[in-house]
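*Asks:* Okay, predicted coordinates and the sequence, questions at the end:
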Protein chains: 2
Amino acid sequence: MRSKRPTVAIIGLGLLGGSLALALKRRKSVHLVGWSPSPRTRRMARQILTVSPDLVTTVRNADVVILGSPSSAVAGLLERILPHLKKDALVMDVASVKEAIVTQTRSIPGAAQHFVPCHPMAGSEKTGVAHADPRLYEGRTILVTPLPGNSSSLVRRAMGFWKGLDAIVHRVDPGSHDRWVAVTSHLPHLVACSLVENYESARRREPQIARAVGRGFRDVTRIAASGSDMWVDIVTMNTAEILKNIGVLRHRLDILDGMLKNGSRAKWKRFFESAARSRMRL
Amino acid sequence: MRSKRPTVAIIGLGLLGGSLALALKRRKSVHLVGWSPSPRTRRMARQILTVSPDLVTTVRNADVVILGSPSSAVAGLLERILPHLKKDALVMDVASVKEAIVTQTRSIPGAAQHFVPCHPMAGSEKTGVAHADPRLYEGRTILVTPLPGNSSSLVRRAMGFWKGLDAIVHRVDPGSHDRWVAVTSHLPHLVACSLVENYESARRREPQIARAVGRGFRDVTRIAASGSDMWVDIVTMNTAEILKNIGVLRHRLDILDGMLKNGSRAKWKRFFESAARSRMRL
């Protein structure tokens, strides 16, 4: 009864899993099945793919399995599905933290034969399958952080999977990954949340401050609207790197405090010019 | 030789002045003249409006004068043009700091008969007349902070001018204005610059970090690309409020540091949920 097309199983049907389902459906060259631990998500996801009755059934015939769950659930899920996988099944996750996941999974027997950790940098402040977008991965970067025991052909298959979705794929060690995203994603997220908190406490004193919210504030704080479960995992699983960056930012704020108190116009001009130049280079 | 249409003179033809010129041109109901202290800007601006030979000629026949200069230049410009204005001329600025401008101008003889301080919250990280956009003001908020001596009819004219560009206009005292924008614009700008600085110093050590730049980082740091002169004025003219906000942010980072070291998942969940809720309310 199975088709000759490869079967892709998606476990966890949030924004990333749901968008992947839509992207693969467009390509029509795979058979898609999915499952989510949430009954509500399973109900909604039925509109976009075949939903299996349970986890084991979902992965049993899959050639590719995507774990679309938050970082803290990846190792446990992998352990549960490993005994039920086809011999050549490729398993990938989409979680935002990689060093902890590599550490947790590298010693699971059989994990390296199947599992290649991946991080698509393709989030959005809109979460859940309801916001799934078939073009979410196009042009986005996927950072692939192989396990020490992965074969090079397995890693090639993983990278090829994402390239097939028109993503840009880079291979990197998990330590560098976590160091990089602490700078480009985790610190910015905590800062955006802090700016929103600061605004919110001002708004409670002075509701009219809402009149002074412009496009700039919306841009800076957009990411603060993201889902909380994913972020609780991130701060608890990339703690050391985030702490380091919080420390650097506190130091930079101390310097700004000093410049506000005694800085020259020339010094401020250099500060803003250098930031603008760096931002334009991005 | 003068037309019966009211004459609007725009002094300073950057993004805000240039965009205003384009917006007014579309309406065709005013005669437009402009001037900029920069010969290069004057040359470029000739494509969008009549450029006068000098400042005094520009304002002499104007019914409305817009000072499109950075905050620190407003009071000086106003003093220079006051003796040359028509009896009923309305003068407005577009600067981002208001308390200092009100303090500097309220005691200039004759200022209150003409000058109504205004702040269109309609910037962009793209600066200069080359990025002028006729729709820049549509739907944007204009905060109007009258001088103590302004007549109510002059203030009404000022507010009506911006409403005619489909902007949303609010009247507010200059102290509240500066307190609000410190929260919604000035602190976020300094933070965006600091995040870019932090990234840049990481990039100098590890150029490959560029691979980990996603849409989130671009959004958070977009405003850091803005013009530096305007921002040097802001940090030197709204220093006390910005210092207060830097202090609050440092305190919030201390709390995050503590949560990273000992925080419970429940506490983090509350933190992220509350930030997301507040952001979604914006």
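*Replies:* In hand now; what should we look at? Residues are numbered from 1 along each chain as shown, chains lettered A, B, ... in the order given.
*Asks:* now the helices: where do they sit in the stretch 101-250 of chain A?
*Replies:* Taking DSSP state H, counting those that start in this stretch as the test, the helices found in the stretch 101-250 of chain A are A:111-114, A:152-163, A:174-181, A:187-205, A:215-221, A:228-237, A:239-262.
*Asks:* If you count neighbours, what's buried in the third one?
*Replies:* The neighbour-count check on helix A:174-181 (16 or more other C-beta atoms under 10 Å in any protein chain shown) flags A:Pro174, A:Ser176, A:His177, A:Asp178, A:Arg179, A:Trp180, A:Val181 as buried. C-beta: built from backbone N, CA, C; applies to glycine.
*Asks:* Same check on the last one?
*Replies:* For helix A:239-262, a neighbour-count test (16+ other C-beta under 10 Å) marks A:239, A:241-243, A:245-246, A:248-249, A:252-253, A:256, A:259-260 as buried.
*Asks:* in the following helix or strand past that helix, what's buried?
*Replies:* Downstream of helix A:239-262, the first helix or strand assigned by DSSP states H and E is helix A:265-281. Using 16+ other C-beta under 10 Å as the test for burial, helix A:265-281 gives A:Trp268, A:Phe271, A:Phe272, A:Ser274, A:Ala275, A:Ala276, A:Ser278, A:Arg279.
*Asks:* near chain B, which of these show up?
*Replies:* A:Trp268, A:Phe271, A:Phe272, A:Ser274, A:Ala275, A:Ala276, A:Ser278, A:Arg279 (C-beta under 8 Å from any C-beta of the partner chain).
*Asks:* quick one: the nearest residue to the second one once chain neighbours are set aside from A:Leu253, how far?
*Replies:* By that I understand A:Phe271. Using C-beta to C-beta, 6 or more residues apart in numbering or on different chains and skipping residues adjacent in sequence, the residue nearest A:Phe271 is B:Cys193, 6.7 Å away. Per C-beta to C-beta, to the nearest Å, B:Cys193 is found 11 Å from A:Leu253.
*Asks:* Likewise for A:Ser153?
*Replies:* Taken as C-beta to C-beta, the span from A:Ser153 to A:Leu253 is 49 Å.
*Asks:* Quick one: name the residues of the stretch 1-150 of chain A near chain B.
*Replies:* So the stretch 1-150 of chain A meets chain B at A:Met121, A:Ala122, A:Gly123, A:Ser124, A:Glu125, A:Arg140, A:Thr141, A:Leu143 (C-beta under 8 Å from any C-beta).
*Asks:* Same list (the helices of the stretch 101-250 of chain A) but as TSV, adding mean pLDDT.
*Replies:* Output for these, formatted as TSV (pLDDT from 0 to 100):
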stretch	mean pLDDT
helix A:111-114	98
helix A:152-163	97
helix A:174-181	98
helix A:187-205	97
helix A:215-221	93
helix A:228-237	93
helix A:239-262	97
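*Asks:* Serialize those to a markdown table and add fields for distance to B:Arg43.
*Replies:* Converted to a markdown table, the helices of the stretch 101-250 of chain A look like this (distance: least, C-beta to C-beta, whole Å):
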| stretch | distance to B:Arg43 |
| --- | --- |
| helix A:111-114 | 65 |
| helix A:152-163 | 48 |
| helix A:174-181 | 44 |
| helix A:187-205 | 39 |
| helix A:215-221 | 30 |
| helix A:228-237 | 50 |
| helix A:239-262 | 35 |
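*Asks:* between those helices, which one is nearest to A:Leu90?
*Replies:* Comparing those by their distance to A:Leu90 (C-beta to C-beta), the top pick is helix A:152-163, with 5.2 Å.
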